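In: 3D model of this:
(one chain, ligands or ions: 1)
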Amino acid sequence: MTDVVGGLRLDTSVELLARGRFVDATLSEEDYVIARDRLVEGAYPVFGERGKGARVWDVDGNEYLDFILAYGTVILGHADPAVTAAAQREIADGFSISLRKRAHVELAEKLVEIIPGSERVFLLKTGSDATSAAVRLARAYTDRDRVIRWGYNGWHDWAAQRPGGIPGPVQGYVDTFQYNDLDNLRAVFEQHPGEVACLLLMPFELDAPGPGFLQGAVDLAHEHDALVVFDEMRSGFRMALGGAQELYRVRADLATFSKAMANGWAVSALTGRADVMAMVGKTHISSTFYSNSVSMAAALATIGELEDGVKLAHVQVMGSRLQDGLAELADRHGLPARVRGMPQMPFFEFTHPEPGRSRVLQDAFFAETTRRGVLLHPTHHWFICAATTNEDIEHVLAAANEAMTVAARSA
Ligand SMILES: Cc1ncc(COP(=O)(O)O)c(C=O)c1O
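Out: Presented below is the predicted three-dimensional model:
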C-alpha cells in the first residue's frame with residue numbers, strides 16, 4: 001500500500017506493522033491496539049521516527065503537526081531542550097545507583113509547593129501505579145472496600161474498562177456514576193452506606209464541571225466518610241500548574257499526576273494528606289524502578305519551564321483559536337459537527353443523527369487532515385503543546401477547511 005488517501009506514503013509503517021504482527025502481542029489483536037493506533041484504518045501512520053516541538057515525523061518521512069501528543073504526555077513540545085539536557089545530565093551521572101538520587105526529594109518538595117493540599121508525595125512511574133496506589137491507601141485508611149470512580153483511571157483490576165481476566169467479585173466492588181449529576185452520585189453512595197472507601201474521578205474530561213459539581217462531589221463523599229481522589233493525569237500540568245484543585249478552588253484528599261509532568265518521561269505522583277499517605281507503611285506498594293531518577297530530573301525541568309505560567313497561558317490561547325476556527329468552518333460547510341472540550345484539550349466530533357453517517361464523515365475528515373500533515377485523533381480529545389504557534393493553527397484550519405469539503409462530499 002503506497003497511496004492510501006491520495007499522496008501519503010506509508011510503506012514503512014505498513015511493513016513494520018506486518019512484521020510486528022508476528023511478534024508483538026499488541027499488534028496482533030485486530031480490535032485492540034491496532035484500532036487505537038491506526039485511528040482511521042489505512043490512513044494513519046503507525047510508526048514514528050522523531051519529534052521536535054509541535055511536530056513529528058513518521059518512519060516514511062511524512063511530517064505532521066501533532067495534536068495527539070502521546071495522549072497528553074507532551075506539554076512543552078517534543079524533545080524540549082531543557083528537559084532533554086536535564087535528563088542527559090542525570091543519565092551521565094548514573095541513575096540506578098542503589099541509593100536514591102537528590103531529584104527524588106527535590107521533585108517531592110516542588111510538588112508539595114505547587115499542588116494544593118499535597119502534604120506528602122509518593123513518586124511512581126505510571127498513571128495506573130498512582131491511581132491504584134490511591135485506591136489502596138484509601139481502602140487501608142478507611143478500612144472499607146468499595147470504590148466509586150469516574151473517567152479513565154488506568155488498567156488495573158478495579159479500573160479496567162474490559163471485563164476479561166478480572167474476577168467478578170473484584171468488579172463488584174467498583175461503581176461508576178453520571179458525571180455532573182450529584183443526584184446520581186448521591187444515589188450510588190446511598191446504595192452502599194458505610195462501605196465506600198473513596199470517590200476517585202477525573203475532575204473533567206470533555207465537559208467542564210457544572211457550577212458546584214466538584215465541591216458538591218467532595219462534600220457528598222465526606223458526608224459518607226469516604227475520601228476523594230482527583231485523577232489529574234490529563235488536567236495536571238496542562239490546565240494549571242496545581243491542576244483542577246487550583247483551577248476550581250476545590251480540595252481533594254489525594255490527587256494523582258503523570259503525563260505532562262515530565263514532558264514525556266515516565267513518572268507519576270500520588271499527592272495528598274499526610275495522615276492518608278502514612279498508610280504507605282501499612283500496605284504494600286513498591287517497584288524496583290520507582291526510584292529511577294531520570295524522569296524525576298525531567299519533571300523538575302518541565303515544571304521549571306511551566307512555573308511562570310506563560311507557556312500554559314499560550315497553550316490555552318492556541319486551543320481557543322483552534323476551537324473557534326473549527327466551529328466557524330463547520331458552520332460555513334453546514335456540517336453536523338461540534339467543537340467540545342477545554343481549549344487545552346479540545347475535540348471536534350460529528351453529530352449526524354445517524355451514527356453510520358457520522359462515522360463516514362469522521363473517517364473522511366480525519367483521513368484528509370492526516371494527509372495534509374495534521375495528526376488529530378478521531379475518537380479521543382486532543383492536546384495542545386506550548387510549541388504550537390499561530391501559524392500552526394492557521395495550517396490546521398486550512399487543512400480542516402479542505403478536509404471538510406471532502407467530508408461534505410462523502411456524506
Ligand atoms: C485520567 C487518566 N488516569 C489514569 C491513566 C492511566 O495512566 P497510565 O496509562 O500511565 O497507566 C490515564 C491514561 O491515559 C488517564 O488519562
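In: Where does Ser118 sit: helix, strand or coil?
Out: Following DSSP: H, G, I helix; E, B strand; the rest coil, the label given to Ser118 is coil.
In: And the one 3 residues further on, by the same measure?
Out: Using three-state DSSP as the criterion, the local structure at Val121 reads strand.
In: do Arg338 as well
Out: Going by three-state DSSP: Arg338 is strand.
In: ok, for it, nearest residue in space, not its chain neighbours?
Out: In this structure, Arg338 finds its nearest non-sequential neighbour in Thr351, 5.6 Å apart by CB to CB, 6 or more residues apart in numbering. The C-beta positions use only the backbone N, C-alpha and C, and glycine is treated the same way.
In: give me the number of residues near the one you found?
Out: 13 (other CB atoms under 10 Å).
In: what's near enough to touch it?
Out: The contact partners of Thr351, by CB atoms under 8 Å, 6 or more residues apart in numbering, come to Pro336, Ala337, Arg338, Ser358.
In: just Lys101 next, same as before
Out: Residues in contact with Lys101 (CB under 8 Å, 6+ apart) are Glu90, Asp93, Phe95, Ser291, Ser293, Met296, Ala297.
In: Name the secondary structure element that contains whichever residue of the stretch 301-411 of the chain sits closest to the ligand.
Out: Closest approach of the stretch 301-411 of the chain to the ligand (CB to the nearest ligand atom) occurs at His380, with a separation of 9.2 Å. Assigned by DSSP states H and E, His380 belongs to no helix or strand.
In: Taking the contacts of Thr351, tell me the two that lie furthest apart.
Out: Greatest spacing in the contacts of Thr351, by CB to CB: Arg338 and Ser358 (11.1 Å).
In: more neighbours, the two?
Out: Using other CB under 10 Å, the more surrounded residue of Arg338 and Ser358 is Ser358, with 17 against 13.
In: if we can go back for a sec, specify which member of the contacts of Lys101 is nearest to Tyr173.
Out: Nearest to Tyr173 among the contacts of Lys101, with distances taken as CB to CB, is Ser291, at 30.9 Å.
In: From Lys101, how far off is the closest one?
Out: Using CB to CB, to the nearest Å, Ser291 is found at 7 Å from Lys101.
In: Asn263 reaches Thr84, doesn't it?
Out: No. Using CB atoms under 8 Å, Asn263 and Thr84 do not qualify as a contacting pair, with a distance of 9.1 Å.
In: Please say which of those two ends up with more neighbours.
Out: Asn263 (32 against 16).
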